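Peer 1: heads up, no residue letters with this:
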């Protein structure tokens, strides 16, 4: 199946592209996705955003799956066509 | 300790008086000092637009030092918009010259019988005729005063034509489109026939320990250069939020009806601005963050060059009105800068009117235009009407609370304000702590007195022991989070530094800066307690003005869920948050500080006053 990961805000600059199209086996979880995109983000995103030890986005980063709540549970099973948004912290006004 | 300048416009007298050292120790300066002063000198039942109200311009101990972002001032008064406490902050250059002219604060009393302006220069103050300035916009006023006084280095804080007309959304403007925007301080200034305050200072701010301050500044620069959010203000300004704030639902659309509007946010983002109309320009005095925008539109009906919009203004004239024309937003922003009107409240008032129009409550004849969502012509027309106090704009310029009361026919249901202050553009249905923050905000709905939403999505917290992981849709703990945000801002506004800088500072950093400048011992505990004291002082003044716990509410619209976006179906439980907030504040069930709390804060002397 195919999952699209979109980096928003300055993450787009840091990763060097706005989207990653990731091929995953059917029934893959969020954990599988994190392992798949690790090489694309490690060393590019700062460690306050991507935890290289645990290969996971930190709590400072908002992850949204198809704009349905926040994605945190690594056991979440993904589906073909999912769009995962990776969102930096907010501030200002 | 420094000194204050007290100006009685009725008698046209100016006199200096020393800063009260005990008040300064307890309240630092800025909003804290002014809150105590207003409480002691202005009765709660004072008409905000009468000569009996006072207008207090305050700097802080940090102003005009080497500390970056410290060229700020606070304007404090009883608000004509909310009829209670108001502090409103502005940056630029004015505050530095005012402080270096020899004053920490300026107290304006009474009312001049004809238009005047103040000229303050290195320890001298003079009240001058402003009849030739009356009617000029904020940029023209600055230029005319510099020409009259023959010095291009003079800095000017002033009102535009809207302040002269006492339109209660009017602000105090200074320098290049900087505004003490919220709550109607410009109308108070206009009610006193005070057009402007021109300043020039060449003195020096005393610093007890220069080396310690230099080290604090070095550390701040280091922290902010790697800060998760502040580092982004330089390339994209506060508008960087627009690019991704819609995902969480933080950015409101269509008078808070529509959950998300990605294409609108993209068109109005800081990145889009940087790629199209942004041009290099100077930052606020001494600031390395450089969030201020300067834009140039080369052609078309909105061709202009000048200060560009920040996030709140982009939401106000953009997403709230379903308008994705960035250049039109820039034009509306420029109108507000020139007339001297708050962009946040003006955009909210137009959004309210557009919804009323859609529902058939307002007609085309009443509006003078077709007030349909996204209609650029109507947005510009209504902005001009508000600024000029004519047509439907004369009603909207009173704020949405009063406008709804005048228009009636059910429009109160979608007038989005707290205590009369239009809600700024961070949605409490996306970050629940903003419910308590808005409901209890010292000046009404406010994102400056506690931008608690930033803590809910992982911006660094102050050194409170607070865990990083916060569920943005939980109600528990959000009363506490609102308190942390409000009290930290009370210190920021009393040191009178920029919130951007304080985002990179813990309480220990604040203590170190205060200790370096004042030479007094400051600890984390003292900073925390001082913040709490200041927030309570503001509350006490508002209680004297007549507010009660029953006013600590959210508008209905913000308690109705949206149907799209990651926050769809979510609504904060304000009752849960408020109960926690009051309990942790040490306030009774009516939102009043208890005697025990006053004793703890050293405020027992005013226990019987509210």
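Peer 2: Happy to help now that I have it. All of these numbers come straight from a predicted model, not from anything done at the bench. Numbering: from 1, shown residues only, chains lettered A, B, ... in the order given.
Peer 1: Would you map the helices across chain A?
Peer 2: Assigned by DSSP state H, chain A shows helices spanning A:10-15, A:30-41.
Peer 1: Tell me the pLDDT of the nearest residue to residue B:567 once chain neighbours are set aside.
Peer 2: Closest residue to residue B:567 apart from its sequence neighbours, by C-beta to C-beta, 6 or more residues apart in numbering or on different chains: residue B:249 at 3.4 Å. C-beta here means a position set from N, CA and C on the backbone, and glycine is covered the same way. At residue B:249, the model reports a pLDDT of 96.
Peer 1: before we move on, the earlier item: for residue B:25, which of the helices of chain A is the nearest?
Peer 2: helix A:10-15 (41.6 Å; C-beta to C-beta).
Peer 1: what separates whichever helix in chain B runs longest from the chain centre, distance-wise?
Peer 2: Using DSSP H, we find that the single longest helix of chain B is helix B:524-545. Relative to its chain's centre, helix B:524-545 lies at 18 Å (C-alpha atoms, centre = their mean, to the nearest Å).
Peer 1: by contact count, what packs against it?
Peer 2: helix B:21-27, helix B:30-41, strand B:85-90, helix B:478-495, helix B:507-518 (3 or more C-beta pairs under 8 Å, 6 or more residues apart in numbering or on different chains; DSSP states H and E).
Peer 1: Next, the buried residues of the helix or strand just after that helix.
Peer 2: Moving toward the C-terminus from helix B:524-545, the next helix or strand (DSSP states H and E) is helix B:574-585. Of all the residues in helix B:574-585, those buried under the rule 16 or more other C-beta atoms under 10 Å in any protein chain shown are B:574, B:576-578, B:580-582, B:585.
Peer 1: Ok, stretch B:262-271 next?
Peer 2: Those would be B:264-271, for stretch B:262-271 by 16+ other C-beta under 10 Å.
Peer 1: Turn those into CSV, including distance to chain A and secondary structure.
Peer 2: Shown next, in CSV, are the buried residues of stretch B:262-271 (distance: C-beta to the nearest C-beta, whole Å; DSSP: H, G, I helix; E, B strand; the rest coil):
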residue, distance to chain A, secondary structure
B:264, 15, helix
B:265, 10, helix
B:266, 10, helix
B:267, 15, helix
B:268, 14, coil
B:269, 9, coil
B:270, 9, helix
B:271, 8, helix
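Peer 1: shaky segments in chain B?
Peer 2: B:1, B:466-468 (pLDDT under 70).
Peer 1: quick one on the thing from earlier: wait, isn't the residue nearest to residue B:567 in contact with residue B:429?
Peer 2: Yes - applying C-beta atoms under 8 Å, one finds residue B:249 in contact with residue B:429, separated by 6.5 Å.
Peer 1: anything in contact with each of the two?
Peer 2: Residues touching both residue B:249 and residue B:429 (C-beta atoms under 8 Å, 6 or more residues apart in numbering or on different chains): B:562, B:567.
Peer 1: now the end-to-end length of stretch B:58-73.
Peer 2: In stretch B:58-73, first residue to last residue: 6 Å (C-alpha to C-alpha, to the nearest Å).
Peer 1: does it come close to chain A?
Peer 2: No - using C-beta under 8 Å from any C-beta of the partner chain, stretch B:58-73 never reaches chain A; the gap is at least 13.6 Å.
Peer 1: Would you mark the buried spots in that stretch?
Peer 2: B:58-65, B:67-73.
Peer 1: Which of the residues you listed sits closest to chain A?
Peer 2: Proximity of those to chain A (C-beta to the nearest C-beta) peaks at residue B:69, which lies at 13.6 Å.
Peer 1: and the nearest residue in space to residue A:10 that is not next to it in sequence, what does it touch?
Peer 2: Using C-beta to C-beta, 6+ apart and skipping residues adjacent in sequence, the residue nearest residue A:10 is residue B:232, 5.3 Å away. Taking C-beta under 8 Å, 6+ apart, we find residue B:232 in contact with A:9-10, A:88, B:240.
Peer 1: Show the contacting residues for the residue of chain B found nearest chain A.
Peer 2: Residue of chain B nearest chain A, by C-beta to the nearest C-beta: residue B:458 (3.0 Å). For residue B:458, the contact set (C-beta under 8 Å, 6+ apart) comprises A:58-62, A:89, B:228, B:468.
Peer 1: For residue B:97, state which of these is nearest.
Peer 2: Nearest to residue B:97 among the contacts of residue B:458: residue B:228, at 34.0 Å, using C-beta to C-beta.
Peer 1: Would you map the strands across chain A?
Peer 2: Using DSSP state E, the strands of chain A run over A:2-7, A:19-23, A:50-51, A:56-57, A:62-65, A:83-87.
Peer 1: Can you lay out those as a markdown table showing mean pLDDT?
Peer 2: What follows is the strands of chain A, written out as a markdown table (pLDDT from 0 to 100):
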| stretch | mean pLDDT |
| --- | --- |
| strand A:2-7 | 97 |
| strand A:19-23 | 97 |
| strand A:50-51 | 96 |
| strand A:56-57 | 96 |
| strand A:62-65 | 96 |
| strand A:83-87 | 96 |
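Peer 1: possible to save these as JSON lines with mean neighbour count and distance to chain B?
Peer 2: JSON lines is the format used below for the strands of chain A (neighbours: other C-beta atoms under 10 Å in any protein chain shown; distance: least, C-beta to the nearest C-beta, whole Å):
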{"stretch": "strand A:2-7", "mean neighbour count": "19", "distance to chain B": "9"}
{"stretch": "strand A:19-23", "mean neighbour count": "13", "distance to chain B": "14"}
{"stretch": "strand A:50-51", "mean neighbour count": "20", "distance to chain B": "12"}
{"stretch": "strand A:56-57", "mean neighbour count": "20", "distance to chain B": "10"}
{"stretch": "strand A:62-65", "mean neighbour count": "21", "distance to chain B": "5"}
{"stretch": "strand A:83-87", "mean neighbour count": "22", "distance to chain B": "5"}
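Peer 1: Now residue B:113. Nearest residue, chain neighbours left out?
Peer 2: Distances taken as C-beta to C-beta, 6+ apart put residue B:193 closest to residue B:113, at 7.2 Å, once the chain neighbours are dropped.
Peer 1: Can you report how many residues lie near residue 55?
Peer 2: I went with chain A, as the question did not name one. When neighbours are defined as other C-beta atoms under 10 Å in any protein chain shown, residue A:55 has 15 of them.
Peer 1: That was the other one, I meant chain B.
Peer 2: By other C-beta under 10 Å, the residues close to residue B:55 number 27.
Peer 1: what do you get for residue B:151?
Peer 2: Residue B:151: 12 neighbours (other C-beta under 10 Å).
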